[in-house]
Structures are given as structure tokens and as C-alpha cells.
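> next input, structure requested:
(2 chains)
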Number of protein chains: 2
Amino acid sequence: MPYFDAASAAPLHPVARQALLAALDEGWADPARLYREGRRARLLLDAAREAAAEAVGCRPDELVFTPSGTRAVHAGISGALAGRRRVGNRLVVSAVEHSSVLHAGETHAAAGGTVTEVPVDRSGAVDAAAFAAALGADTALACLQSANHEVGTEQPVAEVAEACRAAGVPLLVDAAQSLGWGPVPEGWSLLAASAHKWGGPAGVGLLAVRKGVRFAPQGPSDERESGRAPGFENLPAIVAAAASLRAVRAEAAAEGARLRALVDRIRARVPELVPDVEVVGDPVRRLPHLVTFSCLYVDGETLLHELDREGFSVSSGSSCTSSTLTPSHVLRAMGVLSEGNVRVSLPTGTSEEDVDRFLAVLPGVVAEVRERLGAPEAMPSVPAPSGSLVVDSLGKRCPIPVIELAKVIGEVPVGGTVTVLSDDAAARLDIPAWCEMRGQEYVGESPSPGGGVAYVVRRLS
Amino acid sequence: MPYFDAASAAPLHPVARQALLAALDEGWADPARLYREGRRARLLLDAAREAAAEAVGCRPDELVFTPSGTRAVHAGISGALAGRRRVGNRLVVSAVEHSSVLHAGETHAAAGGTVTEVPVDRSGAVDAAAFAAALGADTALACLQSANHEVGTEQPVAEVAEACRAAGVPLLVDAAQSLGWGPVPEGWSLLAASAHKWGGPAGVGLLAVRKGVRFAPQGPSDERESGRAPGFENLPAIVAAAASLRAVRAEAAAEGARLRALVDRIRARVPELVPDVEVVGDPVRRLPHLVTFSCLYVDGETLLHELDREGFSVSSGSSCTSSTLTPSHVLRAMGVLSEGNVRVSLPTGTSEEDVDRFLAVLPGVVAEVRERLGAPEAMPSVPAPSGSLVVDSLGKRCPIPVIELAKVIGEVPVGGTVTVLSDDAAARLDIPAWCEMRGQEYVGESPSPGGGVAYVVRRLS
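Below you'll find the model as predicted:
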């Protein structure tokens, strides 16, 4: 049963399992105690810190273990912002950071701070020059992921780090998705990561803070982890995290090349096998194991459900699969289609056969979902005489508004318009994205008198 | 090799180990995902929450899992204080709370809040009426542990809860030390606990917040754990924590009675076997497995080291065993001797033989340490003619100032005084405690012109 959602959580690496079992016996005591069980725990903790620091590329005393990658990001951002409070209160982030970064930004803004989001291009990458331009004199901290968690695109970390260095602004790199594949390019000031993304256990994050970076930990602290991560250390999991990071790194070059080829196959074959698909993210500067595509006229939740029935576990940034009913902020920032979105992230060891079976199953599943939703197979050939049409999709969820748009666009003459009334937040993203894919003109939006938003599309062909 | 420090961390319970191993295979995926691995993880998480809630005595939707007991306390205090910000900014705590509570109080005070500490008696218990009297109209939250972690004394939780109810103040109970032994008396508004104290794994705390309690989680949050504990759930450890809580509870009555008898034996025998010992904490209203005593004229670090050499792992609240060089705030608040302090906390399954061996070894170890430090064996019999003496102990660490006091007290006549000059913080606690134990009068302290503090003792017998 192929699990293709390694970017959410990777199954436990065998080395992690082995190390965890050993550490349950040897590392359950308090490493702050002086008796033998405590000394043994301390030795394990010190060794894990050294191994993790080596993989990160920092000194052991620059690295602390946190209860999760999210907590590492939160602690890193709040501590760095507080450490540079006198310089200013601006936080600069890319628009496609992980939600943990954006949530920390919201907390900062709620406390009176300023957050600047640097936009990304259609591939999901920031422009290093644009990022540099956002670094004003009042910037306390900048954050940039090493690679995007939803579309796999690598960010220009080295260039942005150089710009931050020139501006005197510390850079926090969220390396959650990439650390298992190799060290982050040099130049970062703070680095955060999460063990369960590389095959380590849940319950362990890393926060590295370079010596010399001003850092004032926020909230209550204790004597553990240099005062940066309070609470009893989760030592067995820390030991397993460090051991598995070393193990996946040793396999990273070979396994990365192998998975990269499998992802290339998915990137090439999906648009050939499935009509009306947009593969998103940078095709080259990307994580080796991750690919995302969106299918027009498909409801993401149903698609995931049908793939699950066929035995494939994938995730989606479609609005209909999230609790908030808004599409993924990453797809939104990229300006790409969000409906029928599928993220495939291959765990290490994924077989060629499983990928081929996925490619064999996908077209039928998409076709079935489209048929069930009444998606248009091709543009109707007989245009209606009227120069414009209004489609009332109020109260209908994605992908229905786009399906209804596609069904009627052929009924207006070239040059005529279709106005779609919709109160689904996904429409704001998906109607322009459909126009881009279909070569039609997206005119714009305005509030609709009857509620919702009116989206206007002009037929060009 | 007997490990007698269960109050720091209990060895993993066999049920916890078994549940952890099973959950590593079944519960590594993201419980927020809709595919089968995610659904399986969600089922495990829901079942663990139900089991933990049943043991705590609350509804499952009132309980969240946190990365540690410390984080549960921090989140509970900050959320409850923020939820009642309009009522006032006073936090009322007992003087002997766990450091995680006191650290949260320091953070609150640093942000402009007020913290009131309710004192304890010589047994370590708060007086419920005194606690009630501290609940002013501006009190946002009160905190009281169920039982003390250093001396085992149970607090009058039911009476304090009733007082809090009457005053309309929510009560947070830190049940870290007692939850494995049974439910907390009713009446609490918030409850925090820590799995590794009851034989569960590290990395799991519990925070229960009763419906109707105003609660505003602080810091960045996400969709996990009702927005009260951000970051990917440490599911295998959560499963193990819940399973082991159920298991230890099933054994609690029988094992508690057995350990209670062993602790009674230690409480009775230690003062018979070792001269100049003070057993502290309530002898009856106490945790079943924990006892603390202090030995005059002994350096806690050396004592722990020698006991470790004999194979016994215990902890200490003596200043010389902490990184801050101040004695435990608990012993200080109780006004009892802190030097030569030993805490014995028996893990479940501790054998009678191990306890007897400890009692056999202890007298020789204490005598040896005392001999090495030159402790007085008995009061010198020939008083010096002078009415008063000054002992300069500046620069000397505990227990030297007390040893020097004891050595010369016989040289002044009854009614005469000894003045001890000391710059060791432990002297402020241990010189009055020595007077109490020896039936001498502690006159008071004043700044010493040559640095440090002058402690004056009058010989009464």
C-alpha cells in the first residue's frame, strides 16, 4: 500500500527505530542528575547533539532540541525578534513559508510588530533581489525556507543569506523539508528542522542559533537546552532523531537521484495521461522526492478519497480538503490552480512499480471524478448569440464554479464575457488560473450585489 | 542497582514500552490527514485522549496533550491568565510549587503582572484559609500542586478548590507527582501532568481545561490539540502515556500501600540509624513513595556521590548539588535544614531488600562524609570564658558554616552568642534550622561589614 505523503510525516527509519529502542533502556533518566542513570542519559544527549550539529553544520553548543519543528520555528522567531527589538520590529518572510512561520508572524503582528511578505513567482520561488529590497533598516529578522513543503521548489537561500548579511539582518532558514537531503547553504543565522520529516520520530525539532546572533528566549524557561527549550528532554526520541539524520544523509545522494528520476517521470507522464492538468513548482531546482499537480474540474477531497481507495496516500492543498475552506496559501501566492490539487512526496525506498501503478490508476480516477461532477469534456461548439452571460454559482464549492464557467464559455462569442458569481474563496484563485491554462482573459472581480464576488472572464478563442 | 529517584523520572513501564512499539508502526502518520494511515493515527489519538480523560476525570474535549508537563503548566498558566486579563493580573501560587509554575510566574511578573506566594508550614503544606485570604478581587488564577515533588506532602486541594470556587477564581492543579496514584480531588479548573513521572515516556504532558473556564492560548498556535499545543503530535508517546496511566492506576492501590510501608520504614529507621537527621514533610498526608531527610554537617553533593558509588540513585535539594548554589526553594519555604538533603522516591516494584540495603549503607556513608569534613561529634564540654565568639566562614560552602558553628557553641557560656560570618546562601536556611534542631536560639542576621552576612546564635543549653 504505497504511502506518498513523506512531506507530512515519513515512516520511521529502521535506524531510528533501533536507536529509539536502545535509548528507551539507556536514556529514560534525567540528564541533569549526577547518578549513573543520569550520567548515561547525559552522554547520550551530548552524543546526539554532536551528531545533529555535524549534520546541520554548526557547533554543538549552537544547537538545541525542541519538541517539534513547529516549536523550533516559534522559539527561533520569537527569540530572534526579541533579541533585536531595539533595531526594529519588522519580520520579513516569503509568502510561501510553512504555516508555523506565518503563525509566528501573526503573533508578532498582533503584538504590534510588522510583517512583510515577499511574493513568489509562478514556480514558488522568491526573487533574491526582491527579498533584499524588503530588508529595511527596521528589519529584526528575515525567514526563508530552504525548499517549499507543498511544491518542492528550492529557494535561493545562498543569495538571500548574502543579502541579509549585507543588510545586517539575521536569516532564519526553515530547513524542515530539506535537511534529510543535505546541509543548508551557508550564511544562515538560525536554522529550524523537524525529525519526523526525515524518518526520525515525532516529538523532536532542532533549533540552531549561530554564536553572535542576538537571541532572547521568550516565555518561561528552565535550565534545560541552554534555556531555549523548557521541559524534560525527550531523550529516546532525540537519540533516534540524531541517529536517523546521520543514516538518511549517508543514503541521500543515491536515494535522492533515484527518487528525482521517479518524480521526473510523474512530472512528464501526468500531463500526457490526464487532460487539463497543471504541474506546479520548479522542475529542476526542487526537492528530489516531491511533485504537485492540479486537475481542472476536480474536487480535491473526492480525488484524495478515490486515490485512498486505490491504496495511494497523498495530500492536497485544495480548499475542499482543509478545515478552513480556503486553498493553500502556497498555491495562492504562486497564482496557480488549486482545485483538484495533489501533492505526491515519495518516502525513501519507494519502488518504481508503485509509481507506475500510480500513473496507471490516476487517469481513470480523475476521469471518474470529473464525470460525476459533470465536467465539460470539450468547449461547446455552438456559441449563443448573446455577448455576455452570468453564471450564478453562489453556494457552490470548488470546483463547481470553474466547471460552470467552462461549460458556458463557448456560448458567448469571442470578445464576449462570462461573469461567474461565487462565494467560494477558491474561485478567486482558480478562475484566473483556469483563464491562464485556457488562454482566456481574466478581466477582474467586483463585489456582487446579491452576495459573493463577480468574476469576469473574456473569451479570446 | 536500585534507582530511588522516581520523582525525577520513572523507568518506562512495561505497558508503556509495549504500547510505544505498537504505535511506532501504527501511529507515525499525520492524524489530520484523510488517508488510511492518517485515519489510523487519528483513531489512536482519540482513544488515548479518552483513556487519559477518564483517568483525569474530565471530558475528552477538555484535555490536550503537550510536549511535557512543564509545557502543560506554562500553557495552562499563560492561557488562563490571558483569558481573565479583564478581571485582574494577580497570580496566586503556593511557595513550594514546581519550578515550571514559578518560572511562569516570573514571566508574568516581568510582563507587569503580580505574583503572590502563599507560604507553607514546616511540613510543606499551605493553610487553606491563608490561601483563601490571598485570593483578592484582582486574582486571575491560582495554582496549587496536588502534592509536593520534593518532600511528598499533599496539599489541601479540595479545601483550596472550594475557596477558589467561592472567590470565582480558577484553580490550576499541578498533578505531576500524584496523577499515577489516583485522581485529583474535584474542584479544579485546570490540571497539568507529566507522563514520565508515572512510567510513561518522556515527551508527553497533559493539560485539562474545564469547559467554561476562560482560556486564551498564548503564542502562535495551529489547528492541532484544539489550538492549545502547536506542532505535530508525538503520537506513539501519547499512546504509550495513556496506556501506562491506565496500567499504573490499576496497580496504584496495592503498590501504593506497599511503598507507603517501605517509606514508613525509612522515615522511622533513618533517625534511629543516623544521628543529627531531620526527616521532613508530612508523615501521613503524603505521596506513598517519597521521603526526604537532611543530615547535619554533610555536604549534599558528596553524600549523593557516595550513595551513587554504593549503587543508590537519589536526588537532593541541597545548594551544593544545584547549579545556582542556592538551596531548594521548597526546603527554604518550609524553613527546614537543607544541608545533606536526600530525596528518596521509590519506583513501582522497589523491593524490600533494596530499601533495607539502603538503610544498612546510609549510616556508614554519612559518618564517612562527616568525618572527612571534620564535623563535631558532640558539643565540647569545656566552655571558654568569653561571652561571645565570632566564626569567620566567609568563602566556605555548606555545610562548613554550620559545622564551625557547632564546633564552637560549647565554648561560649549558656546565654552567650556565636556570630557566624558567611556568604553562602544556604547558611540563611541552615543556621536557623540547626538552632531549631539543637534547641538553641536563632537571634537574627545583619549585614557583615567585611562582606557576607552575620548570623547570631545564642546558646540556651
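
> all the strands of the stretch 151-300 of chain A, residue numbers only.
Applying DSSP state E, counting those that start in this stretch to the stretch 151-300 of chain A gives strands spanning A:171-174, A:190-194, A:205-209, A:277-280, A:290-295.

> run through the residues that contact the residue nearest to A:Pro271 when sequence neighbours are not counted.
The shortest distance from A:Pro271 to any residue that is not its chain neighbour, by C-beta to C-beta, 6 or more residues apart in numbering or on different chains, is 5.1 Å, and that residue is A:Val277. The C-beta positions use only the backbone N, C-alpha and C, and glycine is treated the same way. When contacts are counted by C-beta atoms under 8 Å, 6 or more residues apart in numbering or on different chains, A:Val277 touches A:Val270, A:Pro271, A:Phe293, A:Ser294, A:Cys295, A:Leu296, A:Val366.

> now those: which count as buried?
Of the members of the contacts of A:Val277, the ones counted as buried by neighbours, 16 or more other C-beta atoms under 10 Å in any protein chain shown, are A:Val270, A:Phe293, A:Ser294, A:Cys295, A:Leu296, A:Val366.

> give me the neighbour count for A:Val408.
19 (other C-beta atoms under 10 Å in any protein chain shown).

> I'd say A:Asp282 and A:Ala125 touch.
Yes. Counting by C-beta atoms under 8 Å, A:Ala125 is a contact partner of A:Asp282 at 6.2 Å.

> more neighbours: those two, which one.
Comparing A:Asp282 with A:Ala125 by other C-beta under 10 Å, the one with more neighbours is A:Ala125, at 22 against 19.

> for that one, what are its contacts?
The contact partners of A:Ala125, taken as C-beta under 8 Å, 6+ apart, are A:Thr153, A:Glu154, A:Gln155, A:Pro156, A:Asp282, A:Arg285.

> give me the number of residues near the closest residue to chain B within the stretch 251-400 of chain A?
Shortest the stretch 251-400 of chain A-to-chain B distance, computed as C-beta to the nearest C-beta: residue-wise this is A:Ser313, at 3.6 Å. Burial of A:Ser313 is recorded as 22 neighbouring residues (other C-beta under 10 Å).

> returning to what we had before: got a ChimeraX select line for the buried ones in the contacts of A:Ala125?
Selecting only the buried entries of the contacts of A:Ala125 in ChimeraX, with 16+ other C-beta under 10 Å as the criterion:
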select /A:153,154,155,156,282
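
> can I get the contacts of A:Ala125 in CSV including distance to A:Pro447?
Shown next, in CSV, are the contacts of A:Ala125 (distance: C-beta to C-beta, whole Å):
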residue, distance to A:Pro447
A:Thr153, 34
A:Glu154, 39
A:Gln155, 36
A:Pro156, 38
A:Asp282, 36
A:Arg285, 39
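
> and which of the contacts of A:Ala125 is nearest A:Ala243?
A:Glu154 (26.6 Å; C-beta to C-beta).

> okay, that closest one and A:Gly105: tell me how far apart.
Here the distance between A:Glu154 and A:Gly105 works out to 22 Å (C-beta to C-beta, to the nearest Å).

> in TSV: the strands of the stretch 151-300 of chain A, plus mean pLDDT.
As requested, these are exported to TSV (pLDDT from 0 to 100):
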stretch	mean pLDDT
strand A:171-174	98
strand A:190-194	98
strand A:205-209	98
strand A:277-280	95
strand A:290-295	96
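
> among these, which is nearest A:Leu44?
In terms of C-beta to C-beta, the element of those nearest to A:Leu44 is strand A:205-209, at 16.3 Å.

> pull up the pairing partners for that closest one, direction included.
Sheet neighbours of strand A:205-209, with direction, are listed as strand A:63-66 (antiparallel), strand A:190-194 (antiparallel) (DSSP bridges).

> list the neighbours of the shortest one that are in contact with it.
This means strand A:63-66. Counting contacts by C-beta under 8 Å, 6+ apart, the residues outside strand A:63-66 that touch it are A:48-49, A:52-53, A:56, A:72, A:75, A:204-209, A:225-226, A:228-229, A:233-234, A:238, A:241.

> rerun at 7 Å
Residues lying outside strand A:63-66 but in contact with it, judged by C-beta atoms under 7 Å, 6 or more residues apart in numbering or on different chains, are A:49, A:52-53, A:56, A:72, A:75, A:204-208, A:225-226, A:228-229, A:233, A:238.

> quick one: secondary structure of the closest residue to A:Leu91 other than its chain neighbours?
Nearest-residue entry for A:Leu91: A:Val115, 4.9 Å, with adjacent residues in sequence omitted and distances by C-beta to C-beta, 6+ apart. Going by DSSP: H, G, I helix; E, B strand; the rest coil, the secondary structure assigned to A:Val115 is strand.

> much appreciated, bye for now.
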